[in-house]
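Peer 1: Just need the structure, nothing else, for what follows:
(chains A and B)
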Amino acid sequence: MNSNCGLPLHVSSPLERLENTKSHFKKLHLISDVLLGCFRLYGHALIKISESEGAIKDSLEQTILTLQQKDNHGLWSTTISGLIQELDKKKSILISPELATLFGVTLRNFKQPSIKRATVRNTVIDGKGQKQLVEVTNTPLELLINFRNKYVGHGTVYSESESKQIFEIYEPIFSTFIDSLCACSFQFKDAVSGLSLHSSSQSCSGLVVLDYHEQSFSFAAPEQLAIEAIQLDSVNAQNSSISLDVLDTRIIESYPYFLAHPYKRALEEEDNFKRLHLLKEVFLNYLKYLGLLTASEYFNSDLKIGEINRAFKNFLYRPQFGHWNAFMRSAIHALNENGHQWFVKELPGYYDEVETQPYAAVSESSIGKLISFRNHYLGHSTVPSEEKCIALWQENFGILKDLLVKLDFCKNYTIVSSDKTVSWRLMGDEITQVNLRKKLKSNVAMLNAENEEFSIVPFFILPGEYFIKEVSERAKLMVYEQNTGSRIVFFSPESVHGETNNEKVLEQLNLMIREKEKQEPVSIKDLDEVRWKAVLKENNEATIQSLLSEKKVIKGIYQERQDAEVALRSWVGARAGLFFLAAEAGSGKTNLLVEMNRQYAERGLDTILLRGNRFRTPSIWEELCYRLNLTDDRSLEEAGFVKYEQENPLMILIDGANENSNSIALFESIIEFLERHKGGHIKIVLSWRVNTKSELPQTDEKHESIIYSDSKDADREDNIIARSCHWLKPLNKVEVEGAWNKYVNDKQDKVRRKPNFSYEELTYHDRSLSDQLDNPLLLRLFLELNNGKGLPKSRGGFISIWTLYHEKLISQ
Amino acid sequence: MTNNQLVLYRLAELMLEVEKHYLPVDALFEDELIGDFAKSIQIDSPYQQMLLEGVLTESVRDEKLFVSFTVEGYFHFVLGNVIFDQSKEKDHTYFIELLQNNHLNGVKEGVEHCLIRATRRGQFEAIFKLIDSGKTEICIIPLATACGIGKVHEILKELIEHESDEDYAIVNEVISVFRDNGKLSLVQEVFSFFVELFKTINIDDQNFYRQKLKLHLLRDLEEEAFISLIESIITANSCFESFYADQRLELLFEINTSIVDKGLLHLAYQFAKQFELYQVDVNFIRDNYYNLIYPLLEMGLFEVAEACYLKCEPLNSENAIFLNWSGFIYQSWYELKSGEAHHIAKGLELYQRSSELLDTEYGKYSIQKYQNLENIGYTCSLLKDYEKSIEVLNQAIDIVAKTYRAKIVYRLGNLYEMLAVTFNAVGRYKEALDLTFLSDDCKLLQISADSPEMAWNHFDRSEIYQNLGDKEKSIEEMTSAYNIRQKSLGEENGLTIQTKEALNQLIKA
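Peer 2: Predicted coordinates for the structure are as follows:
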């Protein structure tokens, strides 16, 4: 590599560290840092040049704003390419042909060095366990960005040999990139010291001057460009492994293998940076231990708890760090509430001590601190200095060790595995062969002091059973990482990935989930009032939870819909059973139904809230039986415990019935259902998204008596639904301004939605834009997009909020 | 393409391919482009970011994990980008094929977004061909966008190059979109194109939409020629007979509007009477309400105007615009003829009901609201509640000035003049006088100096001069007002008589 060609400090500094470190794992991360240093310095310079040339397109403005606040490799690369293209279009003499070549931009108006391309060949193992050779040809820069996304961005702690192998594949490409960068004639100096950043300066204030084509361009970005005086990694902070104390030894010798092994790896690791990554790995395995143990407790029990089923689906199908904690919080609480007999008896108390109590007392916990450490330093940030790595280790290792020491009880629960011939003890850093007194029921299990067995499959599996040699030879135990329902991804304590769609393990997991959801239906006659209300509550909570998690409903934010609410309240005592709510797209039907569900419940009415797109069948009665776990041979009237009457009805609210895959059949089944339950004691609110009345479903005139009429155009329509429905319109102007002010003045709102202009100012500025805000969703997005900003610039024509939203999303 | 863009784009692309708006997450793992992103559960991976942002939603159905766009509207937008790229090098039949055969929910909206994107790049051909193929509905917004960002005349020229009935139909739809969005300058540009295109006015075009556009040429006719044409239509008592009844009425009301716009109120009354426009279906009366009743009020035919109101009222009691102009009937009746308190009370009541409805329907900052405030302000002045009048009129001025971002616009003419009258009533003569001149500047942007509307300015200014003690100027202004009214409204008109009496008194004094 030609590191002496006079590259600026922002590139040469990480490059020097890369050349000086022996750790290939760290080299991989430093390649990423070299790229970022290059992007930031040359990127800011190009922005400045483009500003002076008036070559910044509207569509790049948002991106540049994002880059200044939160940058990443891909976004810099796209932006810089865009700026070069614009400068080329403007035939600016300030364009750098060498930089254009580096970024793979073909210039139309200038000569440039030829764009080189390279090819990378990688072997991957696909979901079916097959080896595949993947060949990618692209510019060195693009290949390096792909490399970064594939190997550095995802936090896997590769072994030294794996890291070396990866590094060797990309080293020639990286060299070509550096050589191309050397050809670029931009000359930078520090604006404060006046020293050149190419040779004499050892630091950068973050205020930079570019001298190019006899012009000077000054720019400042202290957070991205400031560099402290270089201290070579090896000068002040020696890499060395850490000596073990008694507690370390105890953890390494007696804790489960997937905690003990990475823990030991971390302590033995000499490179301070890689050690931090191993610390994170131990922490992740710790979270998995607690989370998967909790899940196993549930799946091994006879309990069927909707809250845990939901939490499992929400958090453990694709768990991020925080999801493990969220699952435990919910599941441990629910298991305790349901009188679960814990196999690992200490587990709930432990979680209470380390998480629940501290969080309740100071809104902070050790687990929370470690999650923020990971997110802050081991995600998309650059390689910290050796001193920083040491400081971070000292701060966070102590926290983790404390958590582990308190987990001492885990050594009393021996994890064992068994294949056809041999059994293993998966405790301590070394896996040892054992002779078990009795054959295991499942091939990975936990044994307590009384030698009672507790299955932990399929969350922990033996690699030999499911994976090809490449995987199984390197890993001794595979631990659950994620599940799509069609494959499970595992990760081993040795940092080996494996995916399987093996029917045995997959079906086992799916069966476990299915079994927990499947409940023996009960006859409504056998229910009492308490159980009935509990069933309804359970259903409604599940529906609302799904709406909240999809952000269809936001807690604390609801714009009152006076007309519709009044109509839905005054209907309660009517004889007709169906209230048809026709709603235009984005008019807030879901939020209205959730609010009405709340209001009805507050009034003491029983409610059932359902989502049209979640129906399993297009039959309302079958769906009700399924959701409420009832046998379908009885009718609601046979419930002896509660008498529904016209004035005190059961309210069934179905949101977005049009989204059902067989919406017309569903509608017909509702009509038929209400014909069978005439009299107004069972009422259904049905919301249906339409653009015009012609899209409404039709039914026979003979059903007129069961359809509540809330339309003023009653005589002008042939379709009975069209002339009876309540038409939920988008927000009117008063409601829009009310909702605007509610968002702007909401101090609890964590997502900031406070533009530097009022609704009135926007209306005068761009009426077509303000008219789009009658859609509650678009209003919310618009306020988020313009938080802290002035009035949007006019672009000619009509500005669509989706365009603004899209620009923001893709520029993150 | 940024990583986020790639993830979103690829998902929409796959959805279009499999014609389903949700995809199994597992299938994404093998995807060459986004497999790595989909597989990653790191918080900062692009796919996870999109989940966290709420752009994408993962949900479990029968133990399988699926992903979909959370918000339909945004999905349509991204889908539009995908369709745009896939339509490159293809002609409009690609869109027709998609619209007819792709079962993906949202494909129609996707095509619409695609066409909008194409217009932003100056690509209009597919739109024109789709219009000619009868797919006008999805082309309305794209064509409006094209006009909004491009050169209206060039776009319209290309549109009608291969003239079809649909071309004129969609132009009328686009005009409605512009009007709904307050883009009035674009409306003018569209009309100016057709004025140039048609060159001469004729009223025997067999295409309804083209005829409708041609009627806009009336506005540019010299007054003499205009009057002559309208009088010939009235005399012939036959016009647009070949069209359906509703279309014929629409065209007749177009003519009526152009007569009122020219301030020829007597002629407008004659025209409306001849073609029995006061007797048509209530929906037509409501839609053309102001242009029907305004000439009646100036002619002093308040009972006829009231009959129009009573006819429409049962079906339009929640129609803010209708209520506002109905209030105007009673306010004028009180002011110009009856002086009866119940008339002004009724007028104010209608204005106030209209005001509430306008706030919800059009908003406090709308042009519709200004018209209402103008009326309320003037009524307060008539009721001698000058403080309220000044407050309300200033609100109205604020709306117009902010909407047009100017202090001299036609719509402010009347408001300045009303405020001048109120200032005059409270003794703020100098300010009142200045306002009348501002009013002149505004009104003369659209009407001629001898329009009856200008007579009000002269009349009011005469009174202000009188209060300032400048008799000579007062007489001069009143004479101007009288001359205009005599000429445009006739010697027997109530307003002309009133002006003549005022002038005589001034001279005598």
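Peer 1: I'd like to know how many residues surround residue 181.
Peer 2: Reading this off chain A. 23 (other C-beta atoms under 10 Å in any protein chain shown). (Glycine included, C-beta is placed from N, CA and C.)
Peer 1: My question was about chain B, not that one.
Peer 2: When counting by other C-beta under 10 Å, one arrives at 18 neighbours for B:Asn181.
Peer 1: Please report phi then psi for it.
Peer 2: phi -100, psi 10 (degrees, to the nearest 10).
Peer 1: what's the closest non-adjacent residue to it?
Peer 2: In this structure, B:Asn181 finds its nearest non-sequential neighbour in A:Ser768, 3.8 Å apart by C-beta to C-beta, 6 or more residues apart in numbering or on different chains.
Peer 1: Please name the residues that touch the residue nearest to A:Ser23 when sequence neighbours are not counted.
Peer 2: Of all residues not flanking A:Ser23 in the chain, A:Asp271 sits nearest, at 4.0 Å (C-beta to C-beta, 6+ apart). Contacts for A:Asp271 (C-beta atoms under 8 Å, 6 or more residues apart in numbering or on different chains) come out as A:21-23, A:25-26, A:239.
Peer 1: need the residues of the stretch 301-450 of chain B near chain A, please.
Peer 2: Taking C-beta under 8 Å from any C-beta of the partner chain as the criterion, the stretch 301-450 of chain B approaches chain A at residues B:359-366, B:402-403, B:405.
Peer 1: who wins for most neighbours among those?
Peer 2: Counting by other C-beta under 10 Å, top hit in these: B:Gly363 with 24 neighbours.
Peer 1: Could you say which helix or strand holds that residue?
Peer 2: Secondary-structure assignment from DSSP states H and E places B:Gly363 in no helical or strand segment.
Peer 1: need the longest helix for chain B.
Peer 2: helix B:341-361 (DSSP state H).
Peer 1: what's the helix or strand following that helix packed up against?
Peer 2: Later in the chain than helix B:341-361, the nearest helix or strand by DSSP H and E is helix B:367-382. If you count contacts as 3 or more C-beta pairs under 8 Å, 6 or more residues apart in numbering or on different chains; DSSP states H and E, helix B:367-382 packs onto helix B:320-333, helix B:341-361, helix B:386-404, helix B:410-425.
Peer 1: between those, which gets nearest to A:Ala220?
Peer 2: For these, proximity to A:Ala220 was assessed by C-beta to C-beta; helix B:386-404 is nearest, at 37.4 Å.
Peer 1: Can you point out the buried residues in the closest one?
Peer 2: B:386, B:388-390, B:392-393, B:395-404 (16 or more other C-beta atoms under 10 Å in any protein chain shown).
Peer 1: Nearest to A:Asn451, out of the residues you listed: which one, please.
Peer 2: Nearest to A:Asn451 among the buried residues of helix B:386-404: B:Lys402, at 82.6 Å, using C-beta to C-beta.
Peer 1: Which strand or helix spans A:Thr592?
Peer 2: Just to correct that, residue A:592 is Leu rather than Thr. helix A:589-602.
Peer 1: Which elements pack onto that helix?
Peer 2: Packing contacts for helix A:589-602, counted by 3+ C-beta pairs under 8 Å, 6+ apart, involve helix A:529-549, helix A:562-570, strand A:578-583, strand A:607-611, strand A:650-655, strand A:682-689.
Peer 1: Now the first one: buried residues?
Peer 2: It stands for helix A:529-549. A:532, A:535-536, A:538-540, A:542-547, A:549.
Peer 1: So which residue is smack in the middle of chain A?
Peer 2: A:Gln320 (7.1 Å; C-alpha atoms, centre = their mean).
Peer 1: May I have the residues that are in contact with that one?
Peer 2: Shown in contact with A:Gln320 (C-beta under 8 Å, 6+ apart): B:41-43, B:48.
Peer 1: Would you check which pair of these lies furthest apart?
Peer 2: B:Ile41 and B:Ile43 (8.1 Å).
Peer 1: The residue of the stretch 601-750 of chain A found nearest chain B: what's its closest spatial neighbour, skipping adjacent residues?
Peer 2: Closest to chain B within the stretch 601-750 of chain A is A:Lys733: 3.4 Å, counting by C-beta to the nearest C-beta. Nearest in space to A:Lys733, with sequence neighbours left out and distances taken as C-beta to C-beta, 6+ apart, is B:Gly363 at 3.4 Å.
Peer 1: likewise A:Leu630?
Peer 2: A:Ile524 (5.4 Å).
Peer 1: these two touch, right, the one you found and A:Asp632?
Peer 2: No: using C-beta atoms under 8 Å, A:Ile524 makes no contact with A:Asp632, being 9.9 Å away.
Peer 1: Now do the strand or helix carrying A:Met328: distance to the chain's middle.
Peer 2: Here A:Met328 sits within helix A:321-337, counting by DSSP H and E. On the basis of C-alpha atoms, centre = their mean, to the nearest Å, helix A:321-337 sits 18 Å off its chain's mean C-alpha point.
Peer 1: now do stretch A:428-437
Peer 2: Offset of stretch A:428-437 from its chain centre (C-alpha atoms, centre = their mean): 38 Å.
Peer 1: In CSV, list the C-alpha atoms belonging to that stretch.
Peer 2: Coordinates of each C-alpha in stretch A:428-437 appear next as CSV, following Å, rounded to 0.1, in the frame of the first residue of the first chain:
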residue,chain,number,x,y,z
GLY,A,428,-17.0,-24.3,31.7
ASP,A,429,-14.7,-23.4,28.9
GLU,A,430,-13.9,-27.0,27.9
ILE,A,431,-16.7,-29.3,26.8
THR,A,432,-16.2,-32.7,28.5
GLN,A,433,-17.6,-36.1,27.8
VAL,A,434,-19.8,-37.5,30.5
ASN,A,435,-21.7,-40.7,31.3
LEU,A,436,-25.2,-39.8,32.1
ARG,A,437,-27.2,-41.9,34.5
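Peer 1: which residues touch that stretch?
Peer 2: By C-beta under 8 Å, 6+ apart, the surrounding residues in contact with stretch A:428-437 are A:252-255, A:257, A:260-261, A:263-264, A:416, A:418, A:422-425, A:451, A:476-477.
Peer 1: Could you give me the PyMOL selection string for whichever of these are buried?
Peer 2: Restricted to buried positions by 16+ other C-beta under 10 Å, the PyMOL selection for the contacts of stretch A:428-437 reads:
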select buried, chain A and resi 252+254+255+257+260+261+263+264+416+418+423+424+425+476+477
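Peer 1: The contacts of stretch A:428-437 in strands, which ones?
Peer 2: Of the positions in the contacts of stretch A:428-437, A:416, A:418, A:423-425 sit in strands, assigned by DSSP state E.
Peer 1: So what's the residue count around the residue of the stretch 601-750 of chain A closest to chain B?
Peer 2: 23.
Peer 1: B:Lys369 is in contact with that one, correct?
Peer 2: No: at 9.3 Å, A:Lys733 does not count as touching B:Lys369 under the criterion of C-beta under 8 Å.
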